[in-house]
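Trainee: coords please:
(chains A and B)
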Amino acid sequence: MTGIELSVATLLLGGYALFFGGLLAVLARRASRARQQIAAAEALVPEIRDALVDYLAGANDETRIREFVRTNRLDVGDAVLSFQGTVSGSARDRLCDLALELALVHDWGQDTRSREPAVRRTAYARLAFMCAYEPCQRVVGDLVTRALEDADPEVRLPAARALVQSGSIEEIGQVFELAASQNLLIRILLTEDLRRHAAELCANTVPALLKSGDPKRVLAVLNMLVGWERALPLAGLDELLDDRDREIRIAALRLAPLVPLTPENQRAILRELTDSDSDVSAAAALTAARLRLQEAMPSLARCVRTGTAELARMAASAMAAMPPRGWETLEELAGGPNPAAAFIASVALDKAKRKAEA
Amino acid sequence: MESIGPAVFWTVQALGVLLFLLGVGAFRVLVQGCFTLRRRARAGSPDYSDVLLKSALVPAVTTIAVPPDALPESRQFARRLLDLHFGRNEVVIVLDGPSEAEMATWCSEFKLYQSARPVERKLPTAPVRGVYESRDPIRIVVVDKEPGGMADAWNAGVNVATSPVIGLLDPEGEFSPTVLLRMIQPMLEAFEETVAVCGGDSIPAAADLTSRWGALESLRAWMTRGAAFASRNLVLPIPGSAVLARRDSIIASGGFTGGALELIVRLHGHALASQKPYRIAFLPAPVSYGRTPRCMAELRHMVRRDQRELALAFHHRKSLAGPFGWRIMRELYLDRSVRPKLETAAYLLAAAGLVMGWVDWKLAAFVLLSTAAMGMVQSLGAVVLREVAQPARSDPAQIASLFLAAIPENLGYRQLRNLWLIADSSGSAGAAKLNRGRMVENHPPPASATPTKE
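Mentor: Okay, the predicted model is just below:
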């Protein structure tokens, strides 16, 4: 009995040990080869880049580049992509034209059909860069547009980025709509890309989405607009400032300093300062501070006296941002009978004065 | 007297078989971890840190630290937290009953002034004596509170935090400045569902044998608790790993009762009880890892620290995760608590049996195969499987040296480690823990239990 157990265990463990030993040898060889390849590529890539820089600078001799393509096709692809974000205008067109001429764009088009998700994603990311050039767009066809409906979000992302780069305003609007329905990561990434189209989007797509009635989508759109952190020509925010959903009201209040201050918006902000939800009132206090709304002073003072600790602190900070009237009110509150309000007011005033001195 | 011989023989044989099966089970988990890592490596995970750093849409993170004193190392750790690359990172330092001298040191270090910042009482803690902020343009909040223990201090940190995400970094580990940017990414991929993210890497090996044993130990834990458990959505942090957790989830689950491991067990338990889809993600990236042990004393400290956390979590599994505690901790309990005891018993009985002639050499060899040889195969496997999953990570010489370190590891160190694990698995915590009594039940908490602001 023991003999059988011993034999089985020895066989099993010995087999595993041998297998792992063999596998280790294979892996070590593979790792060593990979390191050699990486080292070779590291030495070669600067040369490829030099050749590409010469070409982009106007040299028409493609012999060296063609030689590199023949021997190290993948590295040339990587080198071309390494110019993403550093070249634009005619230099980018020249680079894209070269990639087209060397059939690299066709290779990447083929790669989009790969079973390996990583290969597909890389291919789409490369095509997204190439799509800035019109002849490349024609070669790629509707591959990128169709990728917007791909099951893999990491494929949808480069496709959307390609459209933002080269698409019409309708297509960019389509990307904005897509971004509002995607996960937060994709939304953040696309929001950054869409920032430069903010004005055009605020003319059509954004108002339509804000009127969609879907609270989740409206909230996502508002957050994207806030994420742009730039002045926006958006009208009709007062409706959202009075929305039933507190999250939407808070997001609209955060957006308010970025849109034109209309009398309707101002009235809505002042109303929100007296909202029963202290988070909404705190957001309104922050907005009032950013807009330097002197009309908000009585409501802010009331928040310091009667609001929750966090609301009182926000309201005091808002008044501290509006000297001299805000400072005077804070001084009055600091000397008042309410000890909590007095402490909060004096800390906010002290902080503001220190900041002003600095 | 005559019946003792056969009894010892059969006991040793049964122990040998049991240990062999436990070893096979542990090896299966390693293979599972390899497949998970391989799938992830194939899918790829682009690093969007550059965009995330600039975006205003990324949720703010509050990194909490509970330094035990005001020594330069503790203050240095706070500085390292302030240096993290992240758009909106706030550092909350909770001082658990500091002396006047310690408070003065912290005040002068960060130019603190008493703040009007309110402290919510979402989690019960010992009274807060004061909240301080810095006159310098740095986002640090220092909380001075009555002594209440580490868990109590962590809970006070959560109460003070204003960000939706809480970051926990191991003061005894190394972490890269971009750790938060990398860790937030899996959370953003499914923000509603992701309760927490555990991220990090195993300890890197140095030239000496002790550090290699430490690296092997850490590698096995990383592949098991991180990679393999990720495939079952039961990820648990390993020493040195970083944790990001949603503040609302921490509060809803009842807060801290111990370290990061207990918190994650509690979060699993609460999420499973609520019967809603959730995930605790695993980020296998070298953003955070434990320090390499340079001598046996450091290795002993590393093993002790981990084992005590595990023992406490297992001991309190019912109060942490209710009926799900056993499911979450089962495999770790078998590997870290049951196996060392069985193994030591098997060695003792086999040695005594050999001397007395009750056990033949074949059975003794079988025991050695089920323990030491099985351990070697596990360690060799962990090294190779990791390379299979994440190819060309390290240089071949390093892989080979780690591979070979698995042999002496199981011929001496393993047996010593068993004794360490047995000694440290009593689960008796010296410090009083709060919240122990709160059970996780198999239904969602009632709405009335939702804590309110003070």
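
Trainee: for the closest residue to B:Gly353 other than its chain neighbours, what are its contacts?
Mentor: If the residues on either side of it in the chain are set aside, B:Gly353 comes closest to B:Val359, at 3.0 Å by C-beta to C-beta, 6 or more residues apart in numbering or on different chains. Bear in mind the C-beta positions are built from the backbone N, C-alpha and C, glycine included. Each residue near B:Val359 by C-beta atoms under 8 Å, 6 or more residues apart in numbering or on different chains is listed here: B:8-9, B:12, B:349-350, B:353.

Trainee: Report the buried residues of the helix or strand hosting A:Leu163.
Mentor: With elements taken from DSSP states H and E, the one containing A:Leu163 is helix A:153-166. Under the neighbour-count criterion of 16 or more other C-beta atoms under 10 Å in any protein chain shown, helix A:153-166 has A:154-164, A:166 buried.

Trainee: and which of the residues you listed is nearest to chain B?
Mentor: Using C-beta to the nearest C-beta, A:Glu154 comes nearest to chain B of the buried residues of helix A:153-166, at 7.1 Å.

Trainee: my guess is that closest one meets B:Gly44, correct?
Mentor: Yes: using C-beta atoms under 8 Å, A:Glu154 is in contact with B:Gly44, at 7.5 Å.

Trainee: Now do the shared contacts for the two.
Mentor: Common neighbours of A:Glu154 and B:Gly44 (C-beta under 8 Å, 6+ apart) are A:117, A:121.

Trainee: tell me the contacts of A:Asp97?
Mentor: A:Asp97 makes contact with A:133, A:135, according to C-beta under 8 Å, 6+ apart.

Trainee: repeat that for 10 Å
Mentor: By C-beta atoms under 10 Å, 6 or more residues apart in numbering or on different chains, A:Asp97 lies in contact with A:105, A:130, A:133, A:135-136.

Trainee: if we can go back for a sec, from the contacts of B:Val359, which ones fall inside helices?
Mentor: The helices, defined by DSSP state H, take in B:8-9, B:12, B:349-350, B:353 from those.

Trainee: Of all residues in the stretch 201-350 of chain A, which one is closest to chain B?
Mentor: Residue nearest to chain B within the stretch 201-350 of chain A: A:Ala309 (3.0 Å; C-beta to the nearest C-beta).

Trainee: Report how many residues lie close to the closest residue to that residue other than its chain neighbours.
Mentor: Excluding its sequence neighbours, the residue lying closest to A:Ala309 (C-beta to C-beta, 6+ apart) is B:Pro118, at 3.0 Å. Counted with other C-beta atoms under 10 Å in any protein chain shown, the neighbours of B:Pro118 add up to 20.

Trainee: mean confidence score for the helix holding A:Leu163?
Mentor: Over the span of helix A:153-166, the pLDDT mean works out to 84.

Trainee: do stretch B:322-329 as well
Mentor: 90.

Trainee: in it, what's buried?
Mentor: B:322, B:324-325, B:328-329.

Trainee: can you tell me which two in these are farthest apart?
Mentor: The distance between the two most remote of the buried residues of stretch B:322-329 (C-beta to C-beta) is 12.2 Å, for B:Gly322 and B:Met329.

Trainee: wait, what's in contact with the residue of the stretch 151-300 of chain B at minimum distance from chain A?
Mentor: Nearest residue of the stretch 151-300 of chain B to chain A: B:Leu188, at 3.8 Å (C-beta to the nearest C-beta). Residues near B:Leu188 by C-beta under 10 Å, 6+ apart: A:183-189, B:48, B:52, B:55, B:57-59, B:194, B:197.

Trainee: mind listing what the residue lying closest to B:Leu334 once chain neighbours are set aside touches?
Mentor: On the basis of C-beta to C-beta, 6+ apart, the spatially nearest residue to B:Leu334 that is not a chain neighbour turns out to be B:Leu22, at 6.1 Å. Counting by C-beta under 10 Å, 6+ apart, B:Leu22 touches B:331, B:334-335, B:338-339, B:342-343, B:370-371, B:374.

Trainee: now A:Arg292
Mentor: A:Arg292 touches A:257, A:318, A:321-323, A:326, counting by C-beta under 10 Å, 6+ apart.

Trainee: again, only this time at 8 Å
Mentor: Going by C-beta under 8 Å, 6+ apart, A:Arg292 touches A:321-322.

Trainee: Heading C-terminal from the helix or strand harbouring the residue of the stretch 151-300 of chain B closest to chain A, find the next helix or strand.
Mentor: Using DSSP H and E, B:Leu188 falls within helix B:179-189. Sequence order places strand B:194-199 as the next helix or strand after helix B:179-189, per DSSP H and E.

Trainee: Give me the residues contacting that following strand.
Mentor: By C-beta under 8 Å, 6+ apart, the list of residues contacting strand B:194-199 from outside reads B:179, B:182-184, B:186-187, B:226, B:235-237, B:241-246, B:249, B:264, B:267, B:271, B:278-285, B:287-288.

Trainee: How far away from the center of its chain is it?
Mentor: Relative to its chain's centre, strand B:194-199 lies at 12 Å (C-alpha atoms, centre = their mean, to the nearest Å).

Trainee: The next helix-or-strand element following it near chain A at all?
Mentor: Once strand B:194-199 ends, the next helix or strand along the chain (criterion: DSSP H and E) is helix B:209-221. No: counting by C-beta under 8 Å from any C-beta of the partner chain, chain A has no neighbours in helix B:209-221; the shortest distance is 13.6 Å.

Trainee: And helix B:209-221, what does it pack against?
Mentor: In terms of contacts (3 or more C-beta pairs under 8 Å, 6 or more residues apart in numbering or on different chains; DSSP states H and E), helix B:209-221 is packed against strand B:288-290, helix B:296-315, helix B:374-389, helix B:396-408.

Trainee: If we use 7 Å, what do you get?
Mentor: Here helix B:209-221 touches helix B:296-315, helix B:374-389, helix B:396-408, going by 3 or more C-beta pairs under 7 Å, 6 or more residues apart in numbering or on different chains; DSSP states H and E.

Trainee: And the average pLDDT for the helix or strand just after that helix is what?
Mentor: Where DSSP H and E defines the elements, the next helix or strand beyond helix B:209-221 is helix B:229-230. Averaged across helix B:229-230, pLDDT comes to 94.

Trainee: And helix B:229-230, what does it pack against?
Mentor: By 3+ C-beta pairs under 7 Å, 6+ apart, helix B:229-230 packs against no helix or strand.

Trainee: one more time with 10 Å
Mentor: Using 3 or more C-beta pairs under 10 Å, 6 or more residues apart in numbering or on different chains; DSSP states H and E, the elements in contact with helix B:229-230 are helix B:4-43, strand B:279-283, helix B:325-333.

Trainee: Just the CA atoms of whichever helix or strand comes after the longest one, as PDB, please.
Mentor: Put plainly, it is helix B:4-43. Going down the chain from helix B:4-43, the next helix or strand is helix B:49-54, by DSSP H and E. Extracted C-alpha coordinates of helix B:49-54, given in PDB (Å, rounded to 0.1, in the frame of the first residue of the first chain):
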ATOM      1  CA  SER B  49      -2.500  57.800 -16.200                       C
ATOM      2  CA  ASP B  50      -1.700  60.900 -18.200                       C
ATOM      3  CA  VAL B  51      -5.300  61.700 -19.000                       C
ATOM      4  CA  LEU B  52      -6.600  60.600 -15.500                       C
ATOM      5  CA  LEU B  53      -4.100  62.900 -13.900                       C
ATOM      6  CA  LYS B  54      -5.600  66.000 -15.600                       C
END
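
Trainee: Can you give me the distance of the residue of chain B found nearest chain A to B:Ile93?
Mentor: Relative to chain A, the nearest point of chain B is B:Pro118 (3.0 Å; C-beta to the nearest C-beta). The gap separating B:Pro118 from B:Ile93 is 18 Å, by C-beta to C-beta, to the nearest Å.
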